[in-house]
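[1] show me how the following folds:
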Amino acid sequence: MQIRACARLHGFLLVLIAALTYAATVAAADKASQCDALFEKAGEAASRGGDDGQFTTAADGTPSWRPTPNYPSAVRVGIWGDSHTASGSFADAMAQAWGYPPEGVRAGHIQAAIGVPGVRLGIERTCLSKGWNLNFAYRSGPQQAGFTSTLVQLVSQDNDERMVVDFAGSDGAPAPQRLTIYLHKPDPDTTLVLGISINGRPEAAPLVLEGDAHALQILPETEIRSLRLRLIAGALRITGLEPVYRKAPAFIVDVFSTPGAQSKGWSQQRVQPIDARYDLVIFQYGTNEAPSDSYQAEDYAMALRKELKQFRALHPQSRCVLIGPPDRVGLTPADKKLDYPARHRSISAVQARVSPEFRCEYWDWQKAMGGPGSVLTWAQRKEPWAQGDLMHLTSQGYAESARRFAASIQRPAPRAPQPR
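    Sure thing, here's the model as predicted:
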């Protein structure tokens, strides 16, 4: 009886595993099909000429490679932080407060946090098939290679995985004239094979990348309204996208913030800089460091110095501002054991003390809100500036914070161009 029962159970498990495997396969195929449908729809959004899907490619180091434009008259700002600056509400309001209308503001370098809710990418629509994963520097071991200063990697080693980006959206933003895809090959000795198509047109001949390639440029005959990348063979880590527009923007803001991020992402070894000259770099962390049971002000100061040392090494000539955590009040019984307003005040005090050591200004977000406990007042407004969790702000609250920031921090000016 026991043998018969075990046999029946074994058979049931085999059927269940097969069913689950089939369901996963179908789900993956459905997701790939959805990405293809989005790509085709994006390609139909505008009239297409005969050369609308034609393009050439260039890998870094090849003769046809085109350098990143300097945009000498544009002001460029980079923001690294957590969810408080990830959504773009802060960045957009900051730009407007400094006198830059939305039509003149563009993203110069886009992090690879595709599909992450609450992250501003500057892309109208995106789609990933099922086999992609994201690596975040603050969650990764210190020995993990391949991170650039975007601090995010989009990773896959599954054949036939797709990524679709639709640039030209309903907001009237222009489509890029060319696009650079920054990547990392985990093993330089292996071959990476990609299928690429633009503007809803058929895929070009497979692109083969060998050796230690770090970037790939898509150089179209017209413009890139939409792009589909298909991983045919090999392992691929995408670290960022860089669109280049026909008309130079007046203000470039690169948002590299992600929800949940901590500044310890900057303790990664060998973080590589991206090819960008920033007039202002903003380092905004603290909220996600606050709940730690092991928090000690001096330990935090020691870690912050290590992180800022690498951050400033990558941006030695840029003006720098640290932004502390906004105010927060705990709601759950577990949170009541921690005095969040006092903890955020402690973190802000450490950041204010350490920032001058690295030639950085400091803006105390908690103080700008009204001090410890002020988030309650922000949440009780008729049109609330803080959400019900008393930790995150509303889009209006982030916009108001950005206006106060812009009023306190001198408007950045373009740095003098340097020869390449």
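
[2] so which bits of stretch 320-328 are buried?
    Of the residues in stretch 320-328, those with enough neighbours to count as buried (16 or more other C-beta atoms under 10 Å) are 320-328. Just so you know, the C-beta spots here come from the backbone N, C-alpha and C atoms, and that holds for glycine as well.

[3] please state the offset of it from the chain centre?
    Computed by C-alpha atoms, centre = their mean, to the nearest Å, the chain-centroid distance of stretch 320-328 equals 19 Å.

[4] where in the stretch 151-300 of the chain is pLDDT low?
    For the stretch 151-300 of the chain, the stretches flagged by pLDDT under 70 are 169-173.

[5] which stretches of it form helices?
    297-314 (DSSP state H, counting those that start in this stretch).

[6] what ranges does it have for its strands?
    152-156, 161-166, 178-184, 192-198, 207-209, 215-220, 226-233, 236-244, 251-255, 280-284 (DSSP state E, counting those that start in this stretch).

[7] and these as a markdown table, adding mean neighbour count and distance to A93?
    Converted to a markdown table, those look like this (neighbours: other C-beta atoms under 10 Å; distance: least, C-beta to C-beta, whole Å):
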| stretch | mean neighbour count | distance to A93 |
| --- | --- | --- |
| strand 152-156 | 23 | 24 |
| strand 161-166 | 24 | 25 |
| strand 178-184 | 22 | 28 |
| strand 192-198 | 20 | 33 |
| strand 207-209 | 16 | 40 |
| strand 215-220 | 20 | 32 |
| strand 226-233 | 21 | 29 |
| strand 236-244 | 23 | 23 |
| strand 251-255 | 25 | 11 |
| strand 280-284 | 26 | 14 |
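
[8] save the ones you listed as a markdown table, and put in distance to Q268 too.
    Putting the strands of the stretch 151-300 of the chain into a markdown table (distance: least, C-beta to C-beta, whole Å) gives the following:
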| stretch | distance to Q268 |
| --- | --- |
| strand 152-156 | 11 |
| strand 161-166 | 24 |
| strand 178-184 | 13 |
| strand 192-198 | 23 |
| strand 207-209 | 24 |
| strand 215-220 | 20 |
| strand 226-233 | 25 |
| strand 236-244 | 12 |
| strand 251-255 | 19 |
| strand 280-284 | 15 |
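
[9] for burial, what's the neighbour tally of P142?
    10 (other C-beta atoms under 10 Å).

[10] one more: the one 5 residues further on?
    Neighbour count of F147, defined by other C-beta under 10 Å: 23.

[11] is it true that it touches I274?
    No: the pair F147 / I274 is not scored as a contact, 10.9 Å apart, by C-beta atoms under 8 Å.

[12] ok, Y285 - contacts?
    80-82, 261-263, 325 (C-beta atoms under 8 Å, 6 or more residues apart in numbering).

[13] now do 10 Å
    80-82, 84-85, 138, 257, 261-266, 304, 307, 322-325, 347, 351 (C-beta atoms under 10 Å, 6 or more residues apart in numbering).

[14] what ranges do the strands span in the stretch 1-150 of the chain?
    55-59, 75-81, 105-106, 110-111, 125-128, 133-136.

[15] which residues touch Q284?
    Applying C-beta under 10 Å, 6+ apart, the residues contacting Q284 are 79-82, 84-86, 90, 257, 261, 263, 321-326, 351, 363, 365, 405.

[16] so for the residue nearest to the spatial centre of the chain, what's the nearest residue that isn't a sequence neighbour?
    The centre of the chain sits closest to Q111, judged by C-alpha atoms, centre = their mean, with a distance of 3.4 Å. In this structure, Q111 finds its nearest non-sequential neighbour in T150, 4.3 Å apart by C-beta to C-beta, 6 or more residues apart in numbering.

[17] tally of neighbours for that neighbour?
    Using other C-beta under 10 Å, T150 has 25 other residues around it.

[18] likewise the one 10 residues further on?
    Summarising burial for D160: neighbours were counted as other C-beta under 10 Å, giving 15.

[19] please state the backbone phi and psi of it?
    Per-residue torsions, D160: phi 70, psi 20 (degrees, to the nearest 10).

[20] from G330, how far off is it?
    46 Å (C-beta to C-beta, to the nearest Å).

[21] again with R228
    Distance of R228 to G330, computed by C-beta to C-beta: 45 Å.

[22] same thing with R404?
    For R404, the distance to G330 - C-beta to C-beta - is 24 Å.

[23] more neighbours, these two?
    G330 (19 against 16).

[24] surely that one and Y340 touch.
    Yes: counting by C-beta atoms under 10 Å, Y340 is a contact partner of G330 at 5.0 Å.

[25] joint contacts of these two?
    Joint contacts of G330 and Y340 (C-beta under 10 Å, 6+ apart) are 290-291, 390-391.

[26] got a markdown table for those, with neighbour count and distance to I409 too?
    Below are the shared contacts of G330 and Y340 laid out as a markdown table (neighbours: other C-beta atoms under 10 Å; distance: C-beta to C-beta, whole Å):
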| residue | neighbour count | distance to I409 |
| --- | --- | --- |
| A290 | 19 | 23 |
| P291 | 14 | 28 |
| L390 | 19 | 26 |
| M391 | 21 | 24 |
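
[27] out of the residues you listed, the closest to D189 would be?
    P291 (43.1 Å; C-beta to C-beta).

[28] now do that closest one against M391, distance only.
    P291 sits 10 Å away from M391, taking C-beta to C-beta as the criterion.
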